[in-house]
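K.L.:
model this:
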Amino acid sequence: METPTSFKVNHLILEPGVYLRDADEKRGVYTYDIRLVKPTLAYREAITPQMSHTMEHWLAHYLRTMSSIQSEIVYVGPMGCLTGFYILTYTKYAESEMRDIMVMALESMLSIDEVPGARAEECGNYTLFDLESTKRRIPEFITLLKKQ
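P.N.:
Below is the predicted model of the structure:
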């Protein structure tokens, strides 16, 4: 059985940051690992499901409608391990460029008063959000990304 790219990453040494994980040149799809929590600390510091869902909605909204790469976004989704997100694009970007876009997305989240797409008719689990706790943790994530 072939091992997926993400399982080949040594999570014991992985630091928070933005990484190009997979470049499928043939299909023109690029996968970015947006790591916000050090995996080995995840048992203490993992993003809660409510925070992950809140961030997923905001990142999907921001990246698809407000960012400089909005027409290049294929997918925005949380990692099951609750340590970050995957962003897939049609264009290959430098990790530093994607990091800057992510910092802008997170900074802009600090000023929102409601989660986009959080109504029953828009979301399959519309009660699983926590904007206030998420906003309290965003500065930590911004600082970690800027250290990379």
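K.L.:
Quick check: closest non-adjacent residue to residue 137.
P.N.:
Excluding its sequence neighbours, the residue lying closest to residue 137 (C-beta to C-beta, 6 or more residues apart in numbering) is residue 51, at 6.5 Å. Bear in mind the C-beta positions are built from the backbone N, C-alpha and C, glycine included.
K.L.:
Contacts only, for that neighbour.
P.N.:
Residue 51 sits next to 130, 133, 134, 137 when contact means C-beta atoms under 8 Å, 6 or more residues apart in numbering.
K.L.:
Apart from its neighbours in sequence, what residue is nearest the first one?
P.N.:
Read it as residue 130. residue 50 (3.8 Å).
K.L.:
mind checking the SS state of the one you found?
P.N.:
Reduced to three states with DSSP: H, G, I helix; E, B strand; the rest coil, the structure at residue 50 is helix.
K.L.:
Surely it touches residue 131?
P.N.:
No - the criterion here is C-beta atoms under 8 Å, and residue 50 misses it with residue 131 at 9.1 Å.
K.L.:
Pick out whichever of these two has more residues nearby.
P.N.:
Neighbours around residue 50 and residue 131, counted as other C-beta atoms under 10 Å, are more numerous at residue 131. The numbers are 19 against 16.
K.L.:
Could you tell me what pLDDT the model assigned to residue 134?
P.N.:
pLDDT recorded at residue 134 is 98.
K.L.:
do the same with residue 129
P.N.:
Listed pLDDT for residue 129 reads 98.
K.L.:
That one: neighbouring residues, count only.
P.N.:
Using other C-beta under 10 Å, residue 129 is surrounded by 23 other residues.
K.L.:
got it, and the one 5 residues further on?
P.N.:
Applying other C-beta under 10 Å, we find 24 other residues in the vicinity of residue 134.
K.L.:
Name the SS class of it, please.
P.N.:
Secondary structure assignment for residue 134 (three-state DSSP): helix.
K.L.:
ok now do it, which residues does it touch?
P.N.:
The neighbours of residue 134, taking C-beta under 8 Å, 6+ apart as the test, are 50, 51, 54, 55, 109.
K.L.:
ok, now how distant is the second one from residue 115?
P.N.:
By that I understand residue 51. To residue 115, residue 51 is 11 Å away according to C-beta to C-beta, to the nearest Å.
K.L.:
Put the alpha carbons of stretch 75-87 into PDB.
P.N.:
Provided in PDB are the C-alpha atoms of stretch 75-87 (Å, rounded to 0.1, in the frame of the first residue of the first chain):
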ATOM      1  CA  TYR A  75     -10.200  23.600  -1.200                       C
ATOM      2  CA  VAL A  76      -9.900  24.800   2.400                       C
ATOM      3  CA  GLY A  77     -10.300  22.300   5.200                       C
ATOM      4  CA  PRO A  78      -9.200  21.400   8.700                       C
ATOM      5  CA  MET A  79      -6.800  18.700   9.600                       C
ATOM      6  CA  GLY A  80      -8.400  15.800  11.500                       C
ATOM      7  CA  CYS A  81      -5.700  16.000  14.100                       C
ATOM      8  CA  LEU A  82      -6.800  19.600  14.900                       C
ATOM      9  CA  THR A  83      -3.300  21.100  14.400                       C
ATOM     10  CA  GLY A  84      -4.000  23.200  11.300                       C
ATOM     11  CA  PHE A  85      -5.500  23.300   7.800                       C
ATOM     12  CA  TYR A  86      -5.000  22.200   4.300                       C
ATOM     13  CA  ILE A  87      -5.300  24.700   1.500                       C
END
